[in-house]
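S.K.: make a model of this:
(one chain, ligands or ions: 1)
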Amino acid sequence: MRKPIIAGNWKMNNTASEGVELVNALKPLVKDAKCEVVVCVPFIDIPAVKKALRGSKIKLGAQNVHFAEKGAYTGEISANMLKEYGVQYVIIGHSERRQYFGETDETVNKRTLAALAAGLTPIVCIGESLEEREGGLTEKVLSAQIEKDFAGIEDLSKIVVAYEPIWAIGTGRTATDEQANETIGFIRKRMKKVYAGKNVGRMRIQYGGSMNPKNCKGLMAQPEIDGGLIGGASLKAPDFAAVVNYDK
Ligand code: 13P
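M.R.: Next up is the predicted model:
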């Protein structure tokens, strides 16, 4: 059985004090959640949010990590730095990082391996653009990402994959339940083939892209979908709580 996981990706939103306010409002609303709940916050918010999360089951995540252990990488943050602060999850390879910050499949792979080596759980994002979907290239694009991004991982149950079709991110245009289920089913099948014997059956795959209180029930009812990576709707406690409590 794969335990569902709902993670909020705050992106570049919330100062530390705003973040504390948000998790304080969130805590009572999600205290009976059956799924795993994570908030992925800006680096600078980590210490304050960590403190505010005390006594709750909500886990702490970051939104990126560098692949080197340490060294001359001005402005970067290592996996050990995150680990020491009690961070458990880290988003890697979000399409915004690929689009605006030169992230490639190669660096996604290096970051993922570094996160695992430090004992963090990577949430690795893959997905196709609108052009690629309309051109019938979805499976080809995903297959290429699958082969490169996850190379060299021994136990794939230690990572979470987030399938985020780029055309559904922040657009209000969600993949239909069937589209999301079918594509995530494809990802799992393909990974089982490429990474046979690496525990793919126990690896969780989330859907991400305009997931909200209205559509979460339908998406989460799909057999292939193990959770959600939530952007906009994670910035308001009642909305994020409604997604977390999709089963109530
Ligand atoms: P939205 O939920 O705002 O579409 O963002 C999705 C996302 O990118 C989560 O990582």
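
S.K.: what does this structure have sitting close to the ligand?
M.R.: Contacts of the chain with the ligand, taken as CB under 6 Å from any ligand atom, map to 9, 94, 164, 169-170, 208-211, 229-233. For glycine as for every other residue, the C-beta is placed from the backbone atoms N, C-alpha and C.

S.K.: between which two of the residues you listed is the distance greatest?
M.R.: 94 and 233 (16.2 Å; CB to CB).

S.K.: those two: who's more crowded?
M.R.: A count of neighbours by other CB atoms under 10 Å puts residue 94 above the other of residue 94 and residue 233, at 27 against 21.

S.K.: please, where are all the helices along this protein?
M.R.: For the chain, applying DSSP state H gives helices covering 16-29, 46-52, 79-84, 95-100, 105-117, 130-134, 138-149, 177-194, 216-220, 237-244.

S.K.: the first one - contacts with which helices or strands?
M.R.: I take that to be helix 16-29. Judged by 3 or more CB pairs under 8 Å, 6 or more residues apart in numbering; DSSP states H and E, helix 16-29 is in contact with helix 46-52, helix 237-244.

S.K.: thinking again about what came up before, among the residues of the chain next to the ligand, name the buried ones.
M.R.: In the residues of the chain next to the ligand, burial by neighbour count holds for 9, 94, 164, 169, 208-211, 229-233, counting by 16 or more other CB atoms under 10 Å.

S.K.: which of the residues you listed has the weakest pLDDT?
M.R.: Scanning those for pLDDT, the low point is residue 169. It has 92.

S.K.: how far off centre is stretch 8-16?
M.R.: 14 Å (CA atoms, centre = their mean, to the nearest Å).

S.K.: give the buried residues for it.
M.R.: 8, 9, 10, 11, 13, 14, 16.

S.K.: now, which of these lie within strands?
M.R.: 8, 9 (DSSP state E).

S.K.: could I get stretch 117-125 in CSV with only the CA atoms?
M.R.: In CSV, the C-alpha atoms belonging to stretch 117-125 read as follows (Å, rounded to 0.1, in the frame of the first residue of the first chain):
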residue,chain,number,x,y,z
ALA,A,117,22.5,10.5,0.3
ALA,A,118,21.7,13.0,3.0
GLY,A,119,18.5,11.1,4.0
LEU,A,120,16.0,13.6,2.5
THR,A,121,13.1,12.4,0.4
PRO,A,122,13.2,14.0,-3.0
ILE,A,123,9.9,15.0,-4.7
VAL,A,124,11.0,15.0,-8.3
CYS,A,125,8.9,16.8,-10.8
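
S.K.: tell me the mean pLDDT for that stretch?
M.R.: 98.
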